[in-house]
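[1] Here is my input, please return the structure:
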Amino acid sequence: MSIVFAQALSIFSQVMTFIVLAHVILSYFMDPYHPIRSFVDRLVEPLLAPIRKVVPLVGMMDFSPVILIILVQLLTGFLINLLTR
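    Have a look, this model is predicted:
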């Protein structure tokens, strides 16, 4: 049972990483009011907002998506390690 949950957690982590990357790419090329971008923003922005409060912009660069991806990967690795022991 724990193996199945660990695999589901791994898949969730990969999907979350893909959504965050899509958010970054769409922010460069798509109008903020486009329905697809709006949907992705609604998924990702609540997760990025607390990180943005702690980590300031560096020039024009926003590193909060990178930090979110790292946090998701670290948390997933930790939880999978706990489940598979």
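
[2] what's the following helix or strand after the helix of greatest length in the chain?
    Longest among the helix segments of the chain by residue count, using DSSP state H, is helix 2-29. Remark: after helix 2-29, the chain's next helix or strand is helix 35-54, criterion DSSP states H and E.

[3] any idea how far that following helix is from the chain center?
    9 Å (CA atoms, centre = their mean, to the nearest Å).

[4] Now do the buried residues in that helix.
    37, 40, 41, 44, 47, 48, 51, 52 (16 or more other CB atoms under 10 Å). Where you see a C-beta, it was placed from the backbone N, CA and C, and this is true even at glycine.

[5] Report the separation between residue 31 and residue 60.
    To residue 60, residue 31 is 20 Å away according to CB to CB, to the nearest Å.

[6] Can you pick out the residue with more neighbours from these two?
    Taking neighbours as other CB atoms under 10 Å, residue 31 and residue 60 compare with residue 31 leading, 10 against 5.

[7] got a list of what the more buried one touches?
    Shown in contact with residue 31 (CB atoms under 8 Å, 6 or more residues apart in numbering): residue 37.

[8] quick one, phi psi at it?
    Per-residue torsions, residue 31: phi -60, psi 140 (degrees, to the nearest 10).

[9] burial measure for residue 2, as a count.
    Counted with other CB under 10 Å, residue 2 comes out at 11.

[10] what's the distance between it and residue 76?
    Here residue 2 is placed at a distance of 14 Å from residue 76 (CB to CB).

[11] Ok, residue 58 next?
    On the measure of CB to CB, residue 58 and residue 76 end up 26 Å apart.

[12] list the helices and strands the longest helix of the chain packs on?
    For helix 2-29, the packing partners by 3 or more CB pairs under 8 Å, 6 or more residues apart in numbering; DSSP states H and E come out as helix 35-54, helix 64-83.

[13] Can you say which of those helices is nearest to residue 24?
    Closest to residue 24 of those is helix 64-83 (CB to CB; 5.2 Å).

[14] Please name every helix or strand in contact with the closest one.
    Short answer (3+ CB pairs under 8 Å, 6+ apart): helix 64-83 packs on helix 2-29, helix 35-54.
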